[in-house]
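Novice: could you look at this predicted model? Sequence included:
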There are 2 protein chains.
Amino acid sequence: MSIHASVNPHVSTDCVIFGFNQDTLRLLLIRRNIPNKITEVNDIHYALPGDLVRDDENLDTAANRVLAELTGLKGIYLEQFHAFGDPLRIAKQKDRSWLESVRQNPEARVITVAYMALIDSNKAVLQPGSFSKEAVWVPIHEVPELAFDHNEIFENALIALREMVQLQPIGFELLPEKFTMSQLQSLYETILERDLDKRNFRRKMLNSGVLIPLSEKQIGVSNKPARFYKFNREISDTRNENGILNLRMDGSFNLFG
Amino acid sequence: MSIHASVNPHVSTDCVIFGFNQDTLRLLLIRRNIPNKITEVNDIHYALPGDLVRDDENLDTAANRVLAELTGLKGIYLEQFHAFGDPLRIAKQKDRSWLESVRQNPEARVITVAYMALIDSNKAVLQPGSFSKEAVWVPIHEVPELAFDHNEIFENALIALREMVQLQPIGFELLPEKFTMSQLQSLYETILERDLDKRNFRRKMLNSGVLIPLSEKQIGVSNKPARFYKFNREISDTRNENGILNLRMDGSFNLFG
DNA sequence: CTAATTAGTGTCAAATAAACACTTATTGTT
DNA sequence: AACAATAAGTGTTTATTTGACACTAATTAG
């Protein structure tokens, strides 16, 4: 028997949910009112949506549940990217009363498994219920101070997203079923935070085979109407046993050196 | 309060420790004797080294501790790659007596955060102590049935290694301080399981700037002696706050399309 | 019918990747 | 001392990919 203490921690999943809207990459946050014992006025805290993992759930299932409860969406792109387990992570939050409770209850420690989700933010109907009356979309450059170590988790997710988007054809998950080449380019430019050459972008996307051009075009725009495309899911849509999409091309999708 | 049960699970780290020896990629496993209540003879089980995360530890620290206890090595390449938390994962092991105990004690559930470690297997002096009298190096193609879901974890690690080795200069972690170009190529060929062109490999490695040629050469070989190289750690050796190496080049290290 | 706006298109130069075979330095053998 | 065996080391040519760059086309608003 070890002399070292190992009180079982709580285990949660937190979801970094990205959406893309009006040429802006957005993060879905939960606004919570937390009673402040000193001021007796509620503090407003923002946090990543998350929940404890239940006995009968595996991690992917828990993340999917959080997502579904919040957005009403199922079977969307969701990928585990990192587990966070600093014993002091709870204490990083602003709310001092929590810090005290952690000191007194080491078993209040929470280890969280973070997931990144990419959704078409138009499809997400924020659900009525315990979560959703507080859910808000926030542009990624206007993310406020978050509870716990959620800012760190978000920063990690953003870095992971930037890397993944250059290796795997996942950007589509953020767009509607039908989209124009310009929308797609704008998405990539937003995520990568740099301009891309229009002609080179089109060439690369079209040659890669991940786009299916549709005959349909924009209507009602006061300029040359753009063609719509859809994502070619045939390429390698391998949905794992938990219904999680995991798109991977055979070779590298190395978009922009 | 939720109607759903959330008994706190145990949280552990498991380490997939790779070594390279005699042109073979090897995995470091623990051999355990587990009393079998039925046969009253010990079953021999192999498992990934791992341990519960302690109260005062973060995840990286716990993984480093497991590694140090087993190999005596510190500050080596260690990277978290996935958390596994299927509630039935314990039950996947062969030993039926465990399965029963899990059914009776749902709190026996273990969520594990898996790490991949790359070490110069010559440097690892398997430590005397509770772990090491049972530690063995096994070629990756001869890995036996492992406890729990450790085979799945290992398979995932191998896939992750193959991907990472093509994007980041981490192969060096598996070699001695000084190595020849042929050793390096053999390592890459072993990991990627395909032949590489000698001249193209040399050119790419040398142009990438990750190698520092030494004046020293092999002695005592009955052929043209090879030059030794060492890894250029200056490139971007960013050791995080937990002493974990995290090598990343500025651009992509896209070695082999 | 003119202006404004965004879509859509091709070429050339530079960089990178892929294919390919012979010479060199050393030891062991005769 | 010559020779055989072995693995190290070295360049060139071709094909492919990338990056830079500017005009025409289709539509609506005024």
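Specialist: Yep, that arrived.
Novice: quick one, strands of chain A?
Specialist: In chain A, the strands defined using DSSP state E lie at A:10-21, A:24-35, A:42-47, A:50-52, A:77-84, A:110-119, A:135-139, A:179-180, A:211-217, A:227-231, A:237-239, A:245-247.
Novice: could the ones you listed go into CSV alongside mean pLDDT?
Specialist: CSV is the format used below for the strands of chain A (pLDDT from 0 to 100):
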stretch, mean pLDDT
strand A:10-21, 95
strand A:24-35, 86
strand A:42-47, 82
strand A:50-52, 93
strand A:77-84, 96
strand A:110-119, 96
strand A:135-139, 94
strand A:179-180, 97
strand A:211-217, 97
strand A:227-231, 97
strand A:237-239, 45
strand A:245-247, 39
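Novice: for these, give me CSV that also has distance to A:Arg194 and mean neighbour count.
Specialist: The C-beta positions use only the backbone N, C-alpha and C, and glycine is treated the same way. Converted to CSV, the strands of chain A look like this (distance: least, C-beta to C-beta, whole Å; neighbours: other C-beta atoms under 10 Å in any protein chain shown):
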stretch, distance to A:Arg194, mean neighbour count
strand A:10-21, 16, 23
strand A:24-35, 14, 18
strand A:42-47, 28, 16
strand A:50-52, 31, 20
strand A:77-84, 22, 21
strand A:110-119, 20, 24
strand A:135-139, 18, 15
strand A:179-180, 20, 20
strand A:211-217, 21, 12
strand A:227-231, 22, 18
strand A:237-239, 29, 11
strand A:245-247, 23, 18
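Novice: contact partners for A:Ile153?
Specialist: A:Asp14, A:Val16, A:Leu48, A:His82, A:Phe84, A:Thr112, A:Ala114 (C-beta atoms under 8 Å, 6 or more residues apart in numbering or on different chains).
Novice: ok, so of those residues, who is nearest chain B?
Specialist: Lowest distance from chain B to the contacts of A:Ile153 (C-beta to the nearest C-beta) belongs to A:His82, with 6.6 Å.
Novice: A:Val11 bridge partners, please.
Specialist: Per DSSP bridges, the residues bridged to A:Val11 are A:Ile111.
Novice: which residues touch it?
Specialist: A:Leu52, A:Val53, A:Val110, A:Ile111, A:Thr112, A:Val113, B:Asn8, B:Pro9, B:Val11, B:Gly85, B:Ile111.
Novice: now do it against A:Val110, distance only.
Specialist: 7 Å (C-beta to C-beta, to the nearest Å).
Novice: ok, now A:Val66?
Specialist: In terms of C-beta to C-beta, A:Val66 sits 14 Å off from A:Val110.
Novice: what does A:Tyr77 give?
Specialist: A:Tyr77 is 25 Å from A:Val110, by C-beta to C-beta.
Novice: picking up where we left off before, out of the strands of chain A, which comes closest to DNA strand D?
Specialist: strand A:211-217 (6.6 Å; C-beta to the nearest atom of the strand).
Novice: which outside residues touch that closest one?
Specialist: Against strand A:211-217 from outside (C-beta under 8 Å, 6+ apart): A:Lys178, A:Met205, A:Pro225, A:Ala226, A:Arg227, A:Phe228, A:Tyr229, A:Lys230, A:Phe231, A:Asn232.
Novice: in the stretch 1-150 of chain A, what residue is nearest DNA strand C?
Specialist: A:Asp23 (10.9 Å).
Novice: any chance of TSV for the contacts of A:Val11, columns distance to A:Glu173?
Specialist: TSV is the format used below for the contacts of A:Val11 (distance: C-beta to C-beta, whole Å):
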residue	distance to A:Glu173
A:Leu52	26
A:Val53	24
A:Val110	28
A:Ile111	27
A:Thr112	23
A:Val113	20
B:Asn8	33
B:Pro9	30
B:Val11	30
B:Gly85	24
B:Ile111	27
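Novice: surely A:Glu177 touches A:Lys230?
Specialist: Yes. Under the criterion of C-beta atoms under 8 Å, A:Glu177 lies in contact with A:Lys230, with a separation of 6.0 Å.
Novice: re the thing from before, and the contacts of A:Ile153 near chain B, which?
Specialist: By C-beta under 8 Å from any C-beta of the partner chain, the members of the contacts of A:Ile153 lying near chain B are A:His82, A:Phe84.
Novice: please enumerate residues in contact with stretch A:121-130?
Specialist: Here stretch A:121-130 has contacts from A:19-21, A:26, A:28, A:69-73, A:132, A:135, A:137, A:174, A:176, using C-beta under 8 Å, 6+ apart.
Novice: residue boundaries of the helices in the stretch 151-257 of chain A?
Specialist: Ranges of helices in the stretch 151-257 of chain A, per DSSP state H, counting those that start in this stretch, are A:181-192, A:198-208.
Novice: among the ones you listed, which is nearest B:Lys37?
Specialist: The closest of those to B:Lys37 is helix A:181-192. By C-beta to C-beta, the value is 55.8 Å.
Novice: wait, does the closest one contact DNA strand C?
Specialist: Yes. Using C-beta under 7 Å from any atom of the strand, helix A:181-192 reaches DNA strand C at A:Met181, A:Ser182.
Novice: mind listing residues that contact that helix?
Specialist: The contact list for helix A:181-192 (C-beta under 8 Å, 6+ apart) reads A:20, A:23-25, A:161-162, A:165-166, A:171-172, A:174-175, A:195-196, A:198, A:201-202, A:205, A:226-227, A:229, A:255-256.
Novice: ok, now with 6 Å
Specialist: Helix A:181-192 is contacted by residues A:Phe20, A:Asp23, A:Leu25, A:Val165, A:Gly171, A:Asp195, A:Leu196, A:Phe201, A:Arg202 when judged by C-beta atoms under 6 Å, 6 or more residues apart in numbering or on different chains.
Novice: not counting its neighbours along the chain, what's nearest A:Pro169?
Specialist: A:Val210 (4.5 Å; C-beta to C-beta, 6 or more residues apart in numbering or on different chains).
Novice: that concludes my questions; thank you for your assistance.
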